[in-house]
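A.B. asks: need the 3D shape of this:
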Amino acid sequence: MSRNLRILFAVGVVAVLVMLYFFNPVEHAFMPKCLLKAVTGYNCPGCGFQRALHATLHGNFVVAARYNLFLLIGLPYLLAVIISDLILQGEARRRWQRVTHSRFLLLGYVVLALLWWIVRNLLGI
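C.D. replies: Just a heads-up that it's a prediction; the model follows:
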């Protein structure tokens, strides 16, 4: 990925985080809604992600877990991927990517997301 594209991505991420910090998705209709939930009535693995991230940015981890427990599990992994792909360079990047891009970790993440999708709809959470 080119340097300019990385900078643009980073600016976009920061812009989204700033927006989610100042605008609570529960209170503002302009925040995007889940199309899958609107069509089927079922929660996808990411449903509640915006609300959970808003709560996390304000330090309300219990509230964030109520909105989407998978965020608290998946966010550290996603941050590690972002760091390994966009920030680190050279040998440090290769070392991190051996971990973050390993088949075991990627498969584990996908399996956890699928299990979360099933469990949250069976239990209604």
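
A.B. asks: tell me the pLDDT of the residue nearest the centre of the chain.
C.D. replies: The C-alpha lying nearest the average C-alpha coordinate of the chain belongs to residue 75 (CA atoms, centre = their mean; 5.2 Å). For residue 75, the pLDDT comes out at 84.

A.B. asks: show me where pLDDT drops low in the chain?
C.D. replies: Applying pLDDT under 70 to the chain flags the ranges 1.

A.B. asks: can you do 50?
C.D. replies: Scanning the chain for pLDDT under 50 picks out no residues.

A.B. asks: output stretch 40-56 as PDB, nothing but the C-alphas.
C.D. replies: C-alpha atoms of stretch 40-56 as PDB (Å, rounded to 0.1, in the frame of the first residue of the first chain):
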ATOM      1  CA  THR A  40     -34.200 -10.100   8.100                       C
ATOM      2  CA  GLY A  41     -34.600  -8.900  11.700                       C
ATOM      3  CA  TYR A  42     -31.500 -10.800  12.800                       C
ATOM      4  CA  ASN A  43     -28.300  -9.300  14.200                       C
ATOM      5  CA  CYS A  44     -25.100  -9.600  12.200                       C
ATOM      6  CA  PRO A  45     -21.800 -10.100  14.000                       C
ATOM      7  CA  GLY A  46     -21.200  -6.300  13.700                       C
ATOM      8  CA  CYS A  47     -24.600  -5.100  14.800                       C
ATOM      9  CA  GLY A  48     -24.200  -2.600  17.700                       C
ATOM     10  CA  PHE A  49     -20.600  -2.000  16.600                       C
ATOM     11  CA  GLN A  50     -21.100   1.800  16.300                       C
ATOM     12  CA  ARG A  51     -22.800   2.100  19.600                       C
ATOM     13  CA  ALA A  52     -20.200  -0.200  21.300                       C
ATOM     14  CA  LEU A  53     -17.300   1.900  19.800                       C
ATOM     15  CA  HIS A  54     -19.000   5.100  21.000                       C
ATOM     16  CA  ALA A  55     -19.200   3.600  24.500                       C
ATOM     17  CA  THR A  56     -15.600   2.300  24.300                       C
END
